[in-house]
Structures are given as C-alpha cells and as structure tokens.
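> The following comprises the amino acid sequence and a computationally predicted model.
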Amino acid sequence: MKQAPFLLVAVGTIAALVFLIAPAPGRADGEPAPIFVTEIPQGYRDWTWISSAHEAGNLKSIGAVLGNDVAVKAYREGKLPFPDGTIIAALHYHYVPSAENNKVFGQAQSFVPGAPTNVQFMVKDSTKYAATGGWGFGHFADGKAGAAAFMKTCFPCHEKAQASDLVFTHYAP
C-alpha cells in the first residue's frame, strides 16, 4: 500500500515528460503548423472560374478568381460560411493594351493580361486558422511565399468582409 503513492507520482512524471517532448501539433517534424498558406495548392490552374477582378489605380491589375470543387459548390448554393476545404485562388496580372485588338477596333479600348504579378489563396480550415477567422491566406510572387510581415496584413483587411465570410469575390454565374 505504501507503493501506491510512489507509483502514481512515477506514472504522472512519465506522462508529463511524454507530453513535454512530444512533437508540436501540425507537422510530423515537430515544427508548429504555419499560420499562413506556405505552399501553392496542386492543380489550381484547372479549377473552376468564379469571377474576374479589375483593380485600377496604381495596381493596373486584372485577375481570374478560381475555386476548387468545394468552393464552387458553396458559391453556387449560396452557402455561408464557406465549409472547411474551400480554396479560392486569385491569379493577378498587369493589364496591357492589346495592339492587335485595338487595331481592329480603331482605338485603344482592349486590354489583356500581361506579366503575372502574383497568385493569392484563401484556404478554409476553421481549426488550423482559427485565429484568422478560419481562413489561411497565401501570397506568391515568382513561386515564392510572401514574407510573414506582409502576410499579417491579409486578415485585418479581409476581416472587414464579415457578411461574406471574409471573402471579397462574389460568384458570377
């Protein structure tokens, strides 16, 4: 009977040690899960078109907004909040005049995608990205992920779109 308290302390100590040296949740290598999207989702160029975007001013950008199957289904059904597994991609390009088209039109009125500027992603995972409204944000230029300081600006801006689950783009059927 004198050994019972000693056994309880020993088991408790071992359990605490296992907990303290166990890998952090999120990755097998023990590193914590990233707080932003750090890898470009495979196959995104084959996703379904959701809408187009034009940003004037200094950006002079046009873009295509694409969604994976989960995103498109939610858009078509008008489902808010978006379900986990939703991924939205925004492909941005400088817009440039089309000399070929404008020659036909007889005036400068046609613009087409020029050089790519970036591709951005929103990934819905309400557990992994709970601190940012359930969304992970990613920005890639030349295939490289945006710096953490830059990425921290995404959520405060998207947070203003509460009525549409932090998503700016509406479905254009």
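On my side now, so go ahead.
> what are the ranges of the helices in this structure?
For the chain, the helices defined by DSSP state H occupy 3-21, 69-77, 99-105, 148-151, 154-158.
> Go through those helices and find the least confident stretch.
Out of those, helix 3-21 stands lowest, with a mean of 41 (criterion: mean pLDDT).
> out of all of them, which strand in this protein is the longest?
Identified as the longest strand of the chain according to DSSP state E is strand 111-124.
> And the contacts of that strand?
Strand 111-124 is contacted by residues 37, 40-41, 44, 61-62, 81-98, 101, 129, 134-141, 158, 166-167 when judged by C-beta atoms under 8 Å, 6 or more residues apart in numbering. Any C-beta I mention is one placed from the backbone N, CA and C, and that applies to glycine too.
> Only the buried subset of those, as a ChimeraX command please.
Listed next is the ChimeraX selection for buried residues among the contacts of strand 111-124, using 16 or more other C-beta atoms under 10 Å:
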select :37,40,44,61,62,81,82,86,87,88,89,90,91,92,93,95,98,129,134,135,136,137,138,139,140,158,166,167
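> Okay, and which of the contacts of strand 111-124 map to strands?
61-62, 87-97, 135-141.
> returning to that earlier point: in its sheet, what does the longest strand of the chain sit against?
strand 87-97 (antiparallel), strand 135-141 (antiparallel) (DSSP bridges).
> remind me which residues of the chain are low pLDDT?
For the chain, residues meeting the criterion pLDDT under 70 lie at 1-34.
> could you dump the strands paired with strand 111-124 to TSV with distance to R76?
Formatted as TSV, those follow (distance: least, C-beta to C-beta, whole Å):
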stretch	distance to R76
strand 87-97	14
strand 135-141	20
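> Nearest to S52, out of those strands?
Closest approach to S52 among the strands paired with strand 111-124 (C-beta to C-beta): strand 87-97, 10.1 Å.
> now the angle between helix 69-77 and that closest one, please.
Angle of strand 87-97 versus helix 69-77, following axes from the mean of the first three to the mean of the last three C-alpha atoms, to 10 degrees, is 80 degrees.
> Let me see the contact set for A74.
So A74 contacts 80, 82-83, 86 (C-beta under 8 Å, 6+ apart).
> Same question for Y44.
When contacts are counted by C-beta under 8 Å, 6+ apart, Y44 touches 66, 68, 87, 89, 119, 121.
> Can you give me the domain assignment for this protein?
For the chain, automatic domain parsing gives the domain ranges 1-33, 34-164.
> Nearest to the middle of this structure, which residue? Look it up for me.
M122 (2.2 Å; C-alpha atoms, centre = their mean).
> Could you list everything it pairs with in the sheet?
Under the criterion used (DSSP bridges), M122 bridges to I88, F137.
> what's the burial count for the residue lying closest to A145 once chain neighbours are set aside?
Distance criterion C-beta to C-beta, 6 or more residues apart in numbering; nearest residue to A145, sequence neighbours excluded, is T38 at 5.1 Å. Neighbourhood size, T38 [other C-beta atoms under 10 Å]: 14.
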